[in-house]
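Peer 1: Sequence plus the predicted model coming up.
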Amino acid sequence: MTAFHFAFDLNHFGWIHQDFYRAPEWTLQRTCILSLFLLCAGLGQSLAVAQGQNWRQFWSRWAQVAGCALLVSVGSRFMFPNSWIYFGVLHGVAVMLLVCRLTAHWGRGLWLAGAVTLGVWLWVPTLHASWPPMSVFDAKPLGWLGLASVKPVTEDYVPVLPWMAVMWWGMALGQSGTARSVLARSTAVAGASLRPLAWLGRWSLTWYMLHQPVLMGALMLLAVLKS
């Protein structure tokens, strides 16, 4: 993610020239990064539930995610006034974490719920073509649902459909005995070698919020020094 955003920043400041919005080599990377991001978020929520996280603890963490999402919107409004982020990855995670928490008891049904979600999303173009009232979902206030016929103009867009499917599958994976045993064995074998990654995992939200300001600030400073 950090490497992808660094390349995006280089492009934004004109140091390289790439089409991050349409070129497959970049859009595919974004899809893979986002999928892994949400899969881990779902898996992490399953572990939190298994470890007895209560609703007070959940809301405390949720408020951090939602607050950071608001900061992203405010910051992007200044940086990209014509394509600011109104429902990006953190906005999506905030909504989907709540759904995951409420459906944690579904067990294996989470796999089916994810498949149905993906299927509905794939069916959206057909619905728009055959049922004109679907156009109501093209309105910006409803864009977060993922039922629009056209992707809105925004720098980051992670609607509930289809991405809720990935979050549910992450939670289902975390609830499976296989995933837990693999995590336990890998932790026991790797030991101290995993500690740097563990640190990043514990501070993942902080890393997410700070890496872009740092990268952009460094590039802006470098541009000033070169001029």
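Peer 2: Nice, thanks for sending it over.
Peer 1: so who does the closest residue to Val124 other than its chain neighbours touch?
Peer 2: Using CB to CB, 6 or more residues apart in numbering and skipping residues adjacent in sequence, the residue nearest Val124 is Leu147, 5.7 Å away. The way it works is simple: take the backbone N, C-alpha and C, and place the C-beta from them, glycine included. Taking CB atoms under 8 Å, 6 or more residues apart in numbering as the criterion, Leu147 is in contact with Val124, Met134, Phe137, Pro159, Leu161.
Peer 1: let's see 7 Å
Peer 2: Applying CB atoms under 7 Å, 6 or more residues apart in numbering to Leu147 gives the contacts Val124, Phe137, Leu161.
Peer 1: Okay, and which of the residues you listed map to helices?
Peer 2: Those of those mapping onto helices are Val124, Leu161, per DSSP state H.
Peer 1: what about the residue nearest to Val150 when sequence neighbours are not counted, how many residues close to it?
Peer 2: Using CB to CB, 6+ apart and skipping residues adjacent in sequence, the residue nearest Val150 is Asp138, 6.6 Å away. Look at Asp138: counted by other CB atoms under 10 Å, it has 14 neighbours.
Peer 1: any weak-confidence spans in this structure?
Peer 2: 178-194 (pLDDT under 70).
Peer 1: one more time with 90, if that's ok
Peer 2: Applying pLDDT under 90 to the chain picks out residues 79, 140, 176-203, 223-227.
Peer 1: and Ala52, helix, strand or coil?
Peer 2: In this structure residue 52 is Gly, not Ala. coil (DSSP: H, G, I helix; E, B strand; the rest coil).
Peer 1: what's Trp84 in contact with, if anything?
Peer 2: Residues near Trp84 by CB under 7 Å, 6+ apart: Ser73, Ser76, Arg77, Thr154.
Peer 1: which ones are touching Ile85?
Peer 2: Taking CB under 7 Å, 6+ apart as the criterion, Ile85 is in contact with Val72, Ser73, Ser76, Thr154, Glu155, Asp156.
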